[in-house]
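> for reference, the sequence and a predicted model appear below.
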Amino acid sequence: MGEGKISIYRFMSAGCNGCDVQILECLVPRYRLEALGVEIVSTPEEANVLAITGGINVKGLKELKNAYERLRPPRIVIAVGNCAVTKGIFSDGYPMVGPPDQIVPVNLYIPGCPPRPQAIISAIAKILGIELEEREDYWYTPEGFRGKHEFDGEKCIGCGACAQICSSEAIEVHDKDGKRIIRVNYGRCTFCAFCQDECPTEAIRLTEEYHLSTVDREDAYVENEVKMLRCRVCGSYYAPQRQVDWAIKKVVEGADIRDELVGELRRAAEVCPDCRMKIDNIRRAKRILVQLSLRT
Ligand code: SF4
Ligand code: SF4
């Protein structure tokens, strides 16, 4: 947007108002928003920026279109917080008509639940084309802050336990072309850290990074990929290689199995669930189980 004043009109629809509180928090003197040429105004006619919080419900639909039409050029729209990015926890609500970008063009997305005021301010600076010096202590995060995820590619076994525990459905698991992709979506994540607690190999952790703004909401994610293992009977990919290795290691450690049986166990594990259901393989698996039980 370059030089000039940013006049922001706040538009709220379906949400908890947590993000709107964060926008108001941006107005405290220490952030010196006015020095950046930013003001909050009370009507769309005075504004050239629309800051939307919440997903949009039927009631907000007409009002949002109306507010957008009344904006002054260049009509910048920013979606603040998860509900404004993807509808967030309100996704399945019957009166929801979509995240704002289904109704008006959105120029910048600021994921978070809610985003820190500092994340909102640096996003506004991005619009202004200003480079902020984040040296003051309030830019730093407090101890225990939970921000963007980091995967340890060496440790992740692709088990998907993180996705299963995530009550926000923020983590997707996709198997494609011999790879499993685990993706954390920031339009949905509430930064609860359950995924970090649940991971059996400590492969995922939440860092202190909170600058998540993006011009394309499809880019608001972090992901990891692991190789899949082929079934040695039918050749289909069926499980992450590392997950199978990890499971075998756990069994071997727990049962103190002798070497020749480890080979049998591995051969059995390298067969996909469909092929395992075939009678010969069931017999084979039973034989291994008998040998294991005799041993332990
Ligand atoms: S991050 Fe942890 S829980 Fe998630 S897929 Fe990787 S190993 Fe499994
Ligand atoms: S921190 Fe992890 S478990 Fe919690 S919402 Fe985000 S992705 Fe889901």
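On my side now, so go ahead. Ligands and ions are numbered 1, 2, ... in the order given.
> tell me where the stretch 151-296 of the chain has strands.
For the stretch 151-296 of the chain, strands defined by DSSP state E, counting those that start in this stretch occupy the ranges 171-176, 179-185, 204-206, 221-230, 237-240.
> cool, and the stretch 1-150 of the chain?
6-12, 38-41, 49-53, 56-57, 76-80, 96-98, 108-110, 149-151.
> would you mind putting the strands of the stretch 151-296 of the chain into TSV with distance to ligand 1, mean pLDDT and mean neighbour count alongside?
The way it works is simple: take the backbone N, C-alpha and C, and place the C-beta from them, glycine included. Compiled in TSV, these are given as follows (distance: least, CB to the nearest ligand atom, whole Å; pLDDT from 0 to 100; neighbours: other CB atoms under 10 Å):
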stretch	distance to ligand 1	mean pLDDT	mean neighbour count
strand 171-176	7	97	15
strand 179-185	5	98	20
strand 204-206	4	98	19
strand 221-230	7	98	18
strand 237-240	8	96	20
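> of all those, which one comes closest to residue 150?
Residue 150 sits nearest to strand 204-206 of all the strands of the stretch 151-296 of the chain, at 5.6 Å, using CB to CB.
> how about residues contacting that closest one?
146-152, 156, 162, 191, 193, 195-196, 224 (CB atoms under 8 Å, 6 or more residues apart in numbering).
> please pick the buried ones from those residues.
146, 147, 148, 149, 151, 156, 162, 191, 195, 196, 224 (16 or more other CB atoms under 10 Å).
> how close does the third one sit to ligand 2?
Applying CB to the nearest ligand atom, to the nearest Å, the value for residue 148 to ligand 2 is 10 Å.
> contacting residues for that residue?
186, 206, 207, 209, 210, 212, 222.
> now do 7 Å
Taking CB atoms under 7 Å, 6 or more residues apart in numbering as the criterion, residue 148 is in contact with 207, 209, 210, 212, 222.
> now for these: which two are most distant?
210 and 222 (13.1 Å).
> buried sites along the helix ranked longest in the chain?
Secondary structure of the chain per DSSP state H: the longest helix is helix 279-295. If you call a residue buried by 16+ other CB under 10 Å, then helix 279-295 has these buried ones: 281, 284, 285, 288, 291.
> what packs against it?
Counting contacts by 3 or more CB pairs under 7 Å, 6 or more residues apart in numbering; DSSP states H and E, helix 279-295 is packed against helix 259-269.
> which residues sit against the helix it packs on?
By CB under 7 Å, 6+ apart, helix 259-269 touches 244, 247, 248, 251, 252, 257, 284, 285, 288, 291, 292, 295.
> looking at these, which is nearest ligand 1?
residue 247 (12.0 Å; CB to the nearest ligand atom).
> and the residue nearest to that closest one when sequence neighbours are not counted, how many neighbours?
In space, residue 247 comes closest to residue 269 once its chain neighbours are excluded; the distance is 6.9 Å by CB to CB, 6 or more residues apart in numbering. As a burial measure, residue 269 scores 19 neighbours (other CB atoms under 10 Å).
> how about residue 199: what's its closest non-neighbour residue?
residue 162 (5.6 Å).
> check the gap between that neighbour and residue 203 for me.
8 Å (CB to CB, to the nearest Å).
> same deal with residue 92?
30 Å.
> cool, residue 159 as well?
9 Å.
> burial of residue 39, as a residue count?
15.
> leaving out the residues flanking it, which one is nearest to it?
Leaving aside its sequence neighbours, residue 39 sits nearest to residue 7 (CB to CB, 6+ apart; 5.4 Å).
> near ligand 1, which residues of the stretch 151-296 of the chain? Just list them.
156, 157, 158, 159, 160, 161, 162, 182, 199, 201, 203, 204 (CB under 6 Å from any ligand atom).
> can you tell me which of the residues you listed lies nearest to ligand 2?
Nearest to ligand 2, judged by CB to the nearest ligand atom, of those is residue 162 at 6.4 Å.
> show me what contacts that closest one?
Residues in contact with residue 162 (CB under 7 Å, 6+ apart) are 171, 182, 195, 198, 199, 204.
> please identify which two of those are farthest apart in space.
Most distant of the contacts of residue 162, by CB to CB, are 182 and 198, 12.6 Å apart.
> can you put the contacts of residue 148 in CSV and add distance to residue 166?
Below are the contacts of residue 148 laid out as CSV (distance: CB to CB, whole Å):
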residue, distance to residue 166
207, 17
209, 19
210, 19
212, 17
222, 14
